[in-house]
Each structure stands twice: as C-alpha cells, then as structure tokens.
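Chemist: I would like the atomic coordinates for the input below:
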Amino acid sequence: MGPYRRHSARVLLVDRAGRLLLLRFRFAPTGPARGHGWVTPGGGVEGDEPLAHAAAREVREEIGLVVDPDRLGRPVAYRVGADDRGPTSGLFRDDFFLHRLDRHDVDVGGMESHERVTHAGHRWWTLDELASTRDVVYPLGLSTLLADVLDGRVPTPARRLP
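Modeler: I've put the predicted structure just below:
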C-alpha cells in the first residue's frame, strides 16, 4: 500500500450519451449540512491487489458491472491528500480509471453492509449538470476532467486532481 492510509481505485463510467455515473452517499452525522454527496464507483485496494483489479472488483460489487481489468488500461487521474477520519486518519490516494460503455442498469445488490448504510442512490450526470450542481461531488475538478474526456483529450499521464 505504500505510504497511504487508504489507497482506492475508482472508475469514471461514461455511457454512449456522454453521461457519467455517480453514486449518492449520506455523510456521517458530523458531515456537511447538505447531508449527502456524490462519488464515482470504486473503493479500497486490498493488500497487493493491482489497481485495475481493485477497480473492476469494486464496480462489480457496487453497481453490478463486470469489467475485465485489462480493459481498464491505466488511470487517467488521481488525487492525494491528508484527511482526518478518526481512526483512519492519514494520507489517502484515489486513482481513477476511465471506462466507456453503451449503457448499464445499476444493481447495488453486491454492496457490502458498510456501503449500504451510506448509499442513497445513483444518477447518470450530463456534463452541464455536473458543472452546474451545487451538490458536493468528489473528486473536485471532475467536471473539467469529464469535459476533456468527452472532447477526446484523455490525460496521459494521469492528471492530478485537487
């Protein structure tokens, strides 16, 4: 895992209409006043698990999508930052893969129990909706990254997000 307290592999799922799938989650009682936020599917890397394998496993568990890890390629973006999450405080890293698909009917039946507690739905977002929302969306800079991806400018090497 390296120096990171938590290393996550996440996936930017973009459908044929150019919409991005985000999962809605509830903040802990001590979180922001709005009560919820949006995040890309994905989650923690287990042990020495390769990043693409972790990303594929997470989208299967969280949204019922089976993806060959080899089709994910390399991450297109990442973010690194310190966070104070009580017993799991420290340095965190999220790596983001891009996966295009025609369509997908989300199935959350494979979510782990701790994910189900905070899960509050999902939505396919257009670029305009993402750029203009007042909701909390993680990671920061996601609308700019999506605009570049939709215009065919996929970052190589991976772009660092705020």
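Chemist: mind listing the residues bridging to residue 9?
Modeler: Note on residue 9: beta-bridge partners residue 43, residue 95, judged by DSSP bridges.
Chemist: that one: how many residues sit nearby?
Modeler: 28 (other C-beta atoms under 10 Å). In short, each C-beta sits where N, CA and C put it, glycine included.
Chemist: go on, the one 5 residues further on?
Modeler: Using other C-beta under 10 Å, the number of residues around residue 14 comes to 19.
Chemist: cool, and residue 63?
Modeler: 21.
Chemist: dump the residue contacts of it.
Modeler: Applying C-beta atoms under 8 Å, 6 or more residues apart in numbering, we find residue 63 in contact with 13, 21, 23, 41, 104, 106-108, 122.
Chemist: what's near enough to touch the residue positioned nearest the centre of the chain?
Modeler: A centroid search over the chain (C-alpha atoms, centre = their mean) returns residue 40, at 2.6 Å, as the residue closest to the centre. Residue 40 makes contact with 10-13, 20-23, 96, 138-139, 142, according to C-beta under 8 Å, 6+ apart.
Chemist: mind doing that once more with 10 Å?
Modeler: By C-beta atoms under 10 Å, 6 or more residues apart in numbering, the residues touching residue 40 are 8, 10-13, 20-23, 55, 58-59, 62, 94, 96-97, 137-139, 142.
Chemist: now, which of those lie within helices?
Modeler: 55, 58-59, 62, 142 (DSSP state H).
Chemist: what are the ranges of the helices in the protein?
Modeler: Using DSSP H, helices in the chain cover 51-63, 113-118, 127-132, 142-150.
Chemist: want to throw these into a markdown table with mean pLDDT and distance to residue 156?
Modeler: Output for the helices of the chain, formatted as a markdown table (pLDDT from 0 to 100; distance: least, C-beta to C-beta, whole Å):
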| stretch | mean pLDDT | distance to residue 156 |
| --- | --- | --- |
| helix 51-63 | 96 | 16 |
| helix 113-118 | 72 | 31 |
| helix 127-132 | 97 | 21 |
| helix 142-150 | 97 | 11 |
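Chemist: by mean pLDDT, point me to the weakest helix or strand of the chain.
Modeler: Counting by mean pLDDT, DSSP states H and E, the chain has its least confident helix or strand at helix 113-118, which shows a mean of 72.
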